[in-house]
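Student: quick one, structure for this:
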Amino acid sequence: MKTIIIVYTAKKLSEADKRKLKKYAFNTEADLKVGDVLESQSYGSPMQVIKVLEEKYDFYNASTGELSNSYNSTSQWEILDMVIQEKNNRTVYASIRKDDN
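Tutor: Below you'll find the predicted structure:
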């Protein structure tokens, strides 16, 4: 598992452009490289990989951009896992509904 840093765009980006855009982090097992553009039904915009880190991190600080494996700020968010699959995959994902009773 490794951590990737993405921005929401499909456009080719300069290094200056990358610094200006808000960054997000995901953990993945996929073999991705910088410049790969990803699509997901969960997000309305394409995502471009701008950095691939070989280490897996657990938390991302939205204010500072810092990655960490320990929770030390209320500005931190847990990094979600991203599974890459073929676009025409005939798989349906579901979860067990928990009764509120």
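Student: which SSE is immediately downstream of the helix or strand bottoming out on mean pLDDT in the chain?
Tutor: Within the chain, no helix or strand scores below helix 15-20, which has a mean of 91 by mean pLDDT, DSSP states H and E. Sequence-wise, the next helix or strand downstream of helix 15-20 (DSSP states H and E) is strand 24-28.
Student: do you know how far Glu66 is from Leu38?
Tutor: Using Cβ to Cβ, to the nearest Å, Glu66 is found at 23 Å from Leu38. (Each C-beta comes from the backbone N, C-alpha and C, glycine too.)
Student: ok, now Gln85?
Tutor: Taken as Cβ to Cβ, the span from Gln85 to Leu38 is 11 Å.
Student: ok, the two, which is more surrounded?
Tutor: Between Gln85 and Leu38, counted using other Cβ atoms under 10 Å, Leu38 has the larger neighbour count: 18 against 9.
Student: summarise which helices and strands the strand or helix carrying Thr3 is packed against.
Tutor: For Thr3, the host element (DSSP H and E) is strand 2-8. In terms of contacts (3 or more Cβ pairs under 8 Å, 6 or more residues apart in numbering; DSSP states H and E), strand 2-8 is packed against strand 24-28, strand 47-53.
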